[in-house]
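K.L.:
Structure of the sequence below:
(chains A and B)
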2 protein chains.
Amino acid sequence: MATDYKTLAGQEFDRAAFESLMKRKNFYWQSFEPHGPVKGLFDYGHPLATLEAQFLTIWRDHFVRKERMQELKCAMITPYNVFKTSGHVDKFADFMCKDPKTGEILRADHLIKDVLEARLKSDKEARGEKVEEAAEDPKKKKKQAKATKGAVKLDDEVRKQYEFLLATLDDYTGDDMGELIKKHDIRSPITGNEVEPPVSVNLMFQTQIGATGKEPAFLRPETAQGQFLSFQHLLEYNDGKMPFASASIGYSFRNELSPRSGLLRVREFLMAEIEHYVDPESGKQHSGFKKVRDLKLPLLSRQTQSEGGSEPTVITIGEAVDTKLVDNETLGYFIARIAMFMDKIGVDPAKLRFRQHMQNEMAHYAADCWDCELQTSYGWVECVGCADRSAYDLSVHMKATGVPLNVRESLKEPYRVEEWQAQLDKKKAGPLFKKDASKVQAALDSLTQDIREKLSLSLEKDGKVEVEVADMEAGKVELNKDVVSIQKESRLVTTREYIPNVIEPSFGIGRILYSLMEHAYWTREGDAARSVMSFKPTVAPIKVLLVPLQKDARFAPVVESLEEQLDERGLSYDTDSSGVSIGKRYSRNDELGIPCGITVDYQSLEDGTFTLRDRDTTKQVRAKAEDILDAVEKMVRGRWTWADVQAKLPAFESKEEEAKEE
Amino acid sequence: MATDYKTLAGQEFDRAAFESLMKRKNFYWQSFEPHGPVKGLFDYGHPLATLEAQFLTIWRDHFVRKERMQELKCAMITPYNVFKTSGHVDKFADFMCKDPKTGEILRADHLIKDVLEARLKSDKEARGEKVEEAAEDPKKKKKQAKATKGAVKLDDEVRKQYEFLLATLDDYTGDDMGELIKKHDIRSPITGNEVEPPVSVNLMFQTQIGATGKEPAFLRPETAQGQFLSFQHLLEYNDGKMPFASASIGYSFRNELSPRSGLLRVREFLMAEIEHYVDPESGKQHSGFKKVRDLKLPLLSRQTQSEGGSEPTVITIGEAVDTKLVDNETLGYFIARIAMFMDKIGVDPAKLRFRQHMQNEMAHYAADCWDCELQTSYGWVECVGCADRSAYDLSVHMKATGVPLNVRESLKEPYRVEEWQAQLDKKKAGPLFKKDASKVQAALDSLTQDIREKLSLSLEKDGKVEVEVADMEAGKVELNKDVVSIQKESRLVTTREYIPNVIEPSFGIGRILYSLMEHAYWTREGDAARSVMSFKPTVAPIKVLLVPLQKDARFAPVVESLEEQLDERGLSYDTDSSGVSIGKRYSRNDELGIPCGITVDYQSLEDGTFTLRDRDTTKQVRAKAEDILDAVEKMVRGRWTWADVQAKLPAFESKEEEAKEE
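P.N.:
Below you'll find the model as predicted:
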């Protein structure tokens, strides 16, 4: 993997050098460092916090405003019942094994994977084969070294078994993994101890509301549930019309037991989730699809994957929907819009693909799912999930609470239906069944038309029927002819009720930002120490670098005037007036990804012109302040590229400065 | 209070009508309603979520970009040690009394206040005096009614005592309140039961990181600690230069035991906190102060309050600093910038004041504090705290972790000092004190210069000295001349180290948004049912309402073209094509605060002109699409007011539409 992965300048990606830049330039760091850093929690410094803010502005514009979604914000602290109903209390869990001697908790699938991979590696070494370095994780290497003792050759049969296990591990239940751990004598790679059998550990952070202890709660692991529970408000705001979408930007939490992979797997993270509600009858069509159908996208299908392939097919989303590779227009529309968004923020298109979920990896509620994956030095990373959640969530909450979370439409043309009605005579059933009368009626209501028809015949024939009532102690009741009537009746249907299906594009913002930073990183040819973050001017955290040529008091008022003009235009800037060479100053700010550099030199004092430098090419143009600032503003608003600037403003070559920059 | 409080049109503020609008137009609602709403947790619907996003854009621009602060984002989940060190584990608490029969938890100060106020009210009734209605809280009225049995006259002495207690309640400790509850027989106003003595209950939400149970953690109650613990990163990013500021927009949590007052007191809330780090020697000056010193502000001083007054003095911030009403320029600068921000977002200037904290109400760390308070129907509400936190937080974390959180400056002119040095002879002290040797040296290091001088005399005279070593069992040691030397030495001082003071403007965003909504609310003259939310075009959640005159297919392409042009300009809009009258459509969208209305009528089809309607005045102008959209864009960017639009574009009077709107 590591060898496939190149910077945009075609160089080997050097993770250590990249991380050193991230640290040096304060992009991010582990939280609460002085008290001992906490795994899986990170602080964002100014460059990354600002990048995130720009990202959100563009996201809101691209999705919420452009698609006229309803933005909403829901609470993070969520009462127990909500996640009990949604299934998270029971299913949002990982299997863990405890090392009984140290108390350490190990994720069962990680444990098996680490140990089997280590054995396979050691086997390869024993057979003199070349071993790929696990470049991505020095800790992993250490664990692997501990898990085996030097090069140990495996039996052919065993090797094949291990390879099969690793490929299918996702399908294993906790019990399966427990057996596997016993059978293959898998022990903690840290201590060599045997471990306890896997137990399911819920991954939600628990807390409680108030002081009474009567209100257990969780920090939400996704923003979706709050949106679903607001469905009636949303529908009302949309004047009862379907389809529509809600969108929420907010934090979610996952109590990872052993966080790995830096910013890619963290314990609190910002998400942007869209819930697009559709009528299940018409929801596969999308009115905007015609506008995107010619967009070409790299799609990695379930079938290709099941055949062992990893090369996506590049076709238009129109063709993908026509051939049923992508199930329907609505899903296709969102896949296309996600791709357009990624392009807008500057993701490297060569490092993007859409991968269809395998049947067994989908969330329990999902009907279909395509992930937008971005390639990083850690491999392909799921950054946006685009799932069809069907009517699952709305249905379970409606059932649990009795509150309608459905759509009720007046029919333009009401129609009549003939239906079997089974009705208790209330006056007689009351004294007979007392408080259970309503349970009996409910049991009747839940009978199908077929059964009602059969019962009506029995009732006619025997004068009584037997009906199962699961909620009652006896389990069933006998109903006489005078207590119940079962007959065919005609009913006018004036409304249609349905629970909408939900298409959910769900963005992991931290993962996208991290991938974007890797994509933006490269080093100047022949000088690995001069690294550059090539953020698009639209998303770059800081837009302009002001550089007075030298320490000379005459420059100060000119710089100040430029600062005021930048302020007026709402353009962020840094001024670097330090004593080092101008080339060095540009160089160290290239690491922050500042796209536009304006130099104030002696000519500026004479004729009011300035040079504007492009970060990526280091080329310059020279013009009056207003033209320079107009050009900057157009680049920042995404209307001009550097090529446009070069076409409009005269080039500037300065031997002296070129030399300094080298 | 309620009678003082008017809408911007000078009407009585009707909270019930306002809340009904908030609900009807989906501004906010209680979270998780279908599962039974949870107190103190709210969801924001599209209008309020979008208002918040606009607020944040303006806030970032006004503070972070304009003042070139470092924005950062810190983790919310915070390990125990951080808040143990900051003092929150011990002090971030309220006193609570339990009703032993029902298990209900009552806030001790609320309990005392409710009961004594009820008794005073009942006393007034008994004496035939007019009783002000507690308009703000129907529940409170109910409780008061329960707490007393009809009109009961109090002894003059007792009445005075109650009034004094209510005025000074903030000063009471838990024990004080316990005695008071016993002495005055204060019981639960809900059940009439006696309550248990007050106990301190921490208000942080507790959770744990990982599954081992070894990492207890809290949800932060403020964003500040993460910023302080990142101090070295921030200082480094600023090239070691002082002063500078960090800023963080993020959520904090407070496990309120009985949340009241709607959006004003909630359990999770968005804050924007600035930490401005200054050199304690020069930090009272601020380079930007000259730009703001002429700004006039309503300041309610500690002195006025202690004399029972509540009228702020309106003076320039320059005069306030000159006369020491506001302690220093830096504090004054931020107070002014806060006022400018409030004006920018459209807070009613007549409903804003700055109130100095009384000595006893400041947080344990604060050296001085001014609150920016906004007037609402609940009274004056603290919306921004502007505190001098001194060096408290950085000092305690540095002491607890040993990690430097201070500034180390090279002195331009190093200087020599003559100092008494007390030094153990390590070779001899080692064998003598073994592992305690370093404790003895530490004890010597902590001696003042005066004492060292005295000890040197004793040592000369007696050949030995006695030194207290608190950490050792014996408590003191005797040191002979050959083990210790105490003499005056000269030392070159080349650096200066100090822990910065911190000025902290801290914004409660939900409170500001709520106040802003109350300030924006009014009703059309003579028609209380036609309410308007007069948000400034810069902050209004939706900028434009498109209204085709009638249901006529010819309007559709024209509306679509306008929609595309609005999209291109990044202006949000709603289109109301419903069948009701145009006046009604404007009316119901006035409730969302949409500032600009564009009508598409038959003349539009002929000559391509449109009318632009101002929400507040309902006046209209008519012009070509481009001029209309330019005008809208200028209003939204805050460059034009409606008066500017009227001066530039021809007025439009339509009898027909006026009539419909009435």
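K.L.:
any idea how far A:Ile186 is from B:Lys214?
P.N.:
25 Å (CB to CB, to the nearest Å). Heads up, the C-betas are built off the backbone N, CA and C, glycines and all.
K.L.:
Between these two, which has more neighbouring residues?
P.N.:
In this view A:Ile186 and B:Lys214 are compared by other CB atoms under 10 Å in any protein chain shown, and A:Ile186 has more residues nearby, 23 against 9.
K.L.:
wait, the more buried one sits on A:Ile112?
P.N.:
Yes: in this structure, A:Ile186 is within contact of A:Ile112 by CB atoms under 8 Å, at 5.8 Å.
K.L.:
Which neighbours do those two have in common?
P.N.:
Common neighbours of A:Ile186 and A:Ile112, using CB atoms under 8 Å, 6 or more residues apart in numbering or on different chains, are A:Leu180.
K.L.:
ok, now which ones touch the residue of the stretch 551-662 of chain A at minimum distance from chain B?
P.N.:
Among the residues of the stretch 551-662 of chain A, A:Ser572 lies closest to chain B, at 5.0 Å counting by CB to the nearest CB. Applying CB under 8 Å, 6+ apart to A:Ser572 gives the contacts A:50, A:541-544, A:566, B:65.
K.L.:
go on, A:Glu525?
P.N.:
Contacts of A:Glu525 were listed using CB under 8 Å, 6+ apart, and they are A:Ala9.
K.L.:
how about A:Asn354, secondary structure?
P.N.:
Careful, residue A:354 is Phe and not Asn. Following DSSP: H, G, I helix; E, B strand; the rest coil, we place A:Phe354 in the strand state.
K.L.:
I'd assumed A:Leu374 was in contact with it.
P.N.:
No: under the criterion of CB under 8 Å, A:Phe354 lies out of contact with A:Leu374, with a separation of 10.8 Å.
K.L.:
how many neighbours does A:Ala442 have?
P.N.:
Neighbour tally, A:Ala442, other CB under 10 Å: 12.
K.L.:
what helix or strand is it on?
P.N.:
Assigned by DSSP states H and E, A:Ala442 falls within helix A:437-445.
K.L.:
my guess is A:Ser490 is in a helix, correct?
P.N.:
No: remark: A:Ser490 does not belong to a helix; assigned using three-state DSSP, it is strand.
K.L.:
Helix, strand or coil: sort out A:Val38 for me.
P.N.:
The three-state assignment at A:Val38 reads coil, by three-state DSSP.
K.L.:
Quick check: it vs A:Lys481, distance?
P.N.:
In this structure, A:Val38 and A:Lys481 are 72 Å apart, going by CB to CB.
K.L.:
out of these two, which sits in the busier spot?
P.N.:
More crowded of A:Val38 and A:Lys481, by other CB under 10 Å: A:Val38, with 22 against 14.
K.L.:
What score does A:Val82 have for pLDDT?
P.N.:
At A:Val82, the model reports a pLDDT of 96.
K.L.:
My guess is it contacts A:Leu229. True?
P.N.:
Yes: counting by CB under 8 Å, A:Leu229 is a contact partner of A:Val82 at 7.0 Å.
K.L.:
Now do the contacts for A:Val440.
P.N.:
Counted by CB under 8 Å, 6+ apart, A:Val440 has contacts A:424, A:429, A:433, A:467, A:469, A:472, A:477, A:479.
K.L.:
any chance of these in CSV, plus neighbour count?
P.N.:
Below are these laid out as CSV (neighbours: other CB atoms under 10 Å in any protein chain shown):
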residue, neighbour count
A:Leu424, 19
A:Ala429, 21
A:Phe433, 19
A:Val467, 16
A:Val469, 19
A:Met472, 14
A:Val477, 20
A:Leu479, 25
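K.L.:
Cross these against helices and list the overlap.
P.N.:
Counting by DSSP state H, the members of the contacts of A:Val440 that fall within helices are A:429, A:433.
K.L.:
Output the contacts of A:Val440 in TSV, with distance to chain B and pLDDT appended to each entry.
P.N.:
Formatted as TSV, the contacts of A:Val440 follow (distance: CB to the nearest CB, whole Å; pLDDT from 0 to 100):
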residue	distance to chain B	pLDDT
A:Leu424	29	91
A:Ala429	31	86
A:Phe433	30	87
A:Val467	31	90
A:Val469	27	85
A:Met472	27	79
A:Val477	32	89
A:Leu479	34	92
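K.L.:
And the strands in the stretch 551-662 of chain A, which stretches?
P.N.:
Remark: strands assigned in the stretch 551-662 of chain A by DSSP state E, counting those that start in this stretch are A:573-575, A:596-600, A:609-614, A:620-624, A:651-652.
K.L.:
Output the longest helix belonging to chain A.
P.N.:
If you go by DSSP H, chain A has its longest helix at helix A:108-126.
K.L.:
Establish whether it and chain B are in contact.
P.N.:
No: applying CB under 8 Å from any CB of the partner chain, one finds helix A:108-126 separated from chain B by no less than 12.4 Å.
K.L.:
List the buried residues of that helix.
P.N.:
Under the neighbour-count criterion of 16 or more other CB atoms under 10 Å in any protein chain shown, helix A:108-126 has A:108-125 buried.
K.L.:
Equivalent analysis for stretch A:572-584, please.
P.N.:
Buried-residue list, stretch A:572-584, by 16+ other CB under 10 Å: A:572-576, A:582-583.
K.L.:
again with stretch A:515-535
P.N.:
Within stretch A:515-535, judged by 16+ other CB under 10 Å, the buried ones are A:515-524, A:530-535.
K.L.:
can you check stretch A:447-461 too?
P.N.:
For stretch A:447-461, by 16+ other CB under 10 Å, it's A:447, A:452, A:455-456, A:459.
K.L.:
can you list the domain ranges for chain A.
P.N.:
Listed domain ranges for chain A are A:2-74+A:223-392, A:93-202, A:415-498, A:542-661 (source: automatic domain parsing).
K.L.:
Between the two ends of stretch A:291-301, how far is it?
P.N.:
23 Å (CA to CA, to the nearest Å).
K.L.:
Mind giving me the packing neighbours of the top strand by length along chain A?
P.N.:
Longest strand of chain A, by residue count under DSSP state E: strand A:407-424. Packing contacts for strand A:407-424, counted by 3 or more CB pairs under 8 Å, 6 or more residues apart in numbering or on different chains; DSSP states H and E, involve helix A:437-445, helix A:449-462, strand A:484-498.
K.L.:
and the longest one, which residues are buried?
P.N.:
This points to strand A:484-498. A:484, A:486.
K.L.:
For the stretch 551-662 of chain A, which residues are neighbours of chain B?
P.N.:
Taking CB under 8 Å from any CB as the criterion, the stretch 551-662 of chain A approaches chain B at residues A:567, A:570, A:572, A:574, A:578.
K.L.:
Not counting residues beside it along the chain, what's closest to the second one?
P.N.:
What it means is A:Gly570. Using CB to CB, 6 or more residues apart in numbering or on different chains and skipping the chain neighbours, the partner closest in space to A:Gly570 is B:Asp61 (6.2 Å).
K.L.:
Check the last one too.
P.N.:
On the basis of CB to CB, 6+ apart, the spatially nearest residue to A:Ser578 that is not a chain neighbour turns out to be A:Arg585, at 6.6 Å.
K.L.:
Check A:Ala442 too.
P.N.:
In space, A:Ala442 is closest to A:Asp471, 7.7 Å off (CB to CB, 6+ apart).
K.L.:
mind checking how far the one you found is from chain B?
P.N.:
Distance of A:Asp471 to chain B, given as CB to the nearest CB, to the nearest Å: 22 Å.
K.L.:
Run through the residues that contact that residue.
P.N.:
Taking CB under 8 Å, 6+ apart, one finds A:436, A:439, A:442-443 in contact with A:Asp471.
K.L.:
Please tell me the pLDDT value assigned to it.
P.N.:
Turning to A:Asp471, the model gives it a pLDDT of 71.
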